[in-house]
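Trainee: sharing a sequence plus its predicted fold:
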Amino acid sequence: MNIIHKAENHVFGLFKDKLSPDYIYHNFNHTLRVVKNVQDIAKAEGISDENAEPMILAAWFHDSAYIDGPLNHEERSSVLAVDFLTANGYPADKAELVASLIKITKLGTEPRTKEEKIMRDSDCSHFADGNYCDLSQLLREEWRLTQGKVFTDLEWGLINRNVLVHEHRFYSHYGKEKLQPLKEANIAKIQKEISKLYIEAEEKKLDADKKDKKDKQKKEKENKPERGIDTMFRVTLGNHTRLSDIADSKANILLSVNAIIISVSLSTLIPKLDSPTNAHLIIPTFVLMLFSVICIIFAILSTRPKVTSGTFTRKDIEDRKVNLLFFGNFYKMPLDEYEWAVNEMMKDSNYLYGSMIKDLYFLGLVLNRKYKLLRITYTIFMIGIITSVLAFVFAFKRM
């Protein structure tokens, strides 16, 4: 029986007789996977069977010390390997090579030789395994059973992502070309799961917040009249805001249309007026442009904002003279002064509702001004279009 078969039987006996059943990841199955990975990568890297032998032996023994726990198992595994190989007459220099290859499987060490790179990539090739997530769950459960470490799904996902992205890389040519793309696919799967868990956590938090809010509302004394007043103000203010948006949209339409008319006139009609044959178009063209300019002026007037001083004094607040719901009354004030003023307003329901009433009233005045100017603008636009068309018709008839 050759030394590799002897090593396989020896390690199998160690795990069968001495390894705790709680090690559901670091067991003979994991060792078998690493041995196969060594054989596959060594073959792909062009390593002969003779030169691959120390790596295969190192793969069989690399986790053998788990029979006494995980702490510094690489060092202890290398000792077990050297003892076994020496007892079986294996050359001392090759036994030391096996020991060094076992030690290189420790994360944080830097492989230098081709054999060390193959050994490290073989031990970590599960990062590129299609069943990586399932293998990862075995390790998570093993840590819970053997070390008492408990992680939430999100914590475990973040740990895995950190290891794959920041703490690990492949070293051999095979690892970089074949395993790295598969590892990146696993990183993408982990990131997708993390994103899903973040969303679920946020939804749970929102549900908890809603439940707390609902419980708080149940405990508070219901005040139906105040609730109806709040609804009235909310709906009315919403309607005013929508009407203001509609007015601004109508003004923007007029601005755009008349700007296009002027642009077309400047680029198409006016350059042709120098010709004596087009002299009859001068008056209709300028009539058209005049009405367009007037429309633009009125449209701008309807949307031009009017902002007040933006300041108030504490006396104004005490005398209930300032409407703090309108930004034009406070935008120049420091934050602490505004916070104090709003707190003072919230202490007095009459002041609060009075401010909301003023807000509604002055919004109404603004809307009245906007729609009055818009009505004038649309009238001018209509008259201008009709007049311009008649002027062009008259001009062509006089030709």
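Mentor: Looks like it arrived, so ask away.

Trainee: quick check: what element follows the helix or strand harbouring residue 199 along the chain?
Mentor: Assigned by DSSP states H and E, residue 199 falls within helix 180-219. Heading C-terminal from helix 180-219, the first helix or strand you meet, by DSSP H and E, is helix 224-264.

Trainee: distance of the residue nearest in space to the middle of the chain from residue 158?
Mentor: With distances taken as C-alpha atoms, centre = their mean, residue 195 lies nearest the centre of the chain, 8.7 Å away. Distance of residue 195 to residue 158, given as C-beta to C-beta, to the nearest Å: 12 Å. Every C-beta, even on glycine, is put in place using the N, C-alpha and C of the backbone.

Trainee: and for residue 152?
Mentor: Separation of residue 152 from residue 158 (C-beta to C-beta): 10 Å.

Trainee: compare these two and say which is more crowded by neighbours.
Mentor: More neighbours surround residue 158 than the other of residue 152 and residue 158, with 15 against 10 (other C-beta atoms under 10 Å).

Trainee: which residues touch that one?
Mentor: Residue 158 makes contact with residue 194, according to C-beta atoms under 8 Å, 6 or more residues apart in numbering.

Trainee: contact partners of stretch 389-399?
Mentor: With C-beta under 8 Å, 6+ apart as the criterion, stretch 389-399 contacts 280, 281, 283, 284, 287, 288.

Trainee: and for stretch 18-25?
Mentor: With contacts defined as C-beta under 8 Å, 6+ apart, stretch 18-25 is touched by 27, 28, 66, 67, 135, 138, 139, 141, 142, 145, 146.

Trainee: for the helix holding residue 199, name the packing helices and strands.
Mentor: When contacts are defined as 3 or more C-beta pairs under 8 Å, 6 or more residues apart in numbering; DSSP states H and E, helix 180-219 packs onto helix 132-147, helix 153-162.

Trainee: which parts of it are buried?
Mentor: For helix 180-219, the neighbour count (16 or more other C-beta atoms under 10 Å) marks 180, 183, 186, 187, 190, 193, 194, 197 as buried.

Trainee: from memory the third one sits against residue 125, does it?
Mentor: Right, residue 186. No: counting by C-beta atoms under 8 Å, no contact exists between residue 186 and residue 125, whose distance comes to 11.5 Å.

Trainee: ok, back up a step: now the helices and strands packed on helix 180-219 as CSV including distance to residue 293?
Mentor: As requested, the helices and strands packed on helix 180-219 are arranged in CSV below (distance: least, C-beta to C-beta, whole Å):
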stretch, distance to residue 293
helix 132-147, 69
helix 153-162, 62
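
Trainee: among those helices, which comes closest to residue 2?
Mentor: The stretch from the helices and strands packed on helix 180-219 with the least distance to residue 2 (C-beta to C-beta) is helix 132-147; that distance is 30.1 Å.

Trainee: starting at the chain centroid, how far to that closest one?
Mentor: Offset of helix 132-147 from its chain centre (C-alpha atoms, centre = their mean, to the nearest Å): 29 Å.

Trainee: what do you get for stretch 124-136?
Mentor: Using C-alpha atoms, centre = their mean, the offset of stretch 124-136 from its chain centre is 26 Å.

Trainee: residue contacts, residue 124?
Mentor: Neighbours of residue 124 in contact, by C-beta under 8 Å, 6+ apart: 168, 170.

Trainee: about what we covered before: for the residue nearest to the centre of the chain, give me the pLDDT.
Mentor: pLDDT for residue 195: 93.

Trainee: same question, residue 231
Mentor: We have a pLDDT of 77 for residue 231.

Trainee: domain assignment for this structure?
Mentor: 1-123, 126-169+181-220, 224-397 (automatic domain parsing).

Trainee: including distance to residue 175, could those go into CSV?
Mentor: Conversion of the domains of the chain to CSV gives the following (distance: least, C-beta to C-beta, whole Å):
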stretch, distance to residue 175
domain 1-123, 4
domain 126-169+181-220, 8
domain 224-397, 57
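
Trainee: could you find the closest non-adjacent residue to residue 250?
Mentor: residue 374 (5.6 Å; C-beta to C-beta, 6 or more residues apart in numbering).
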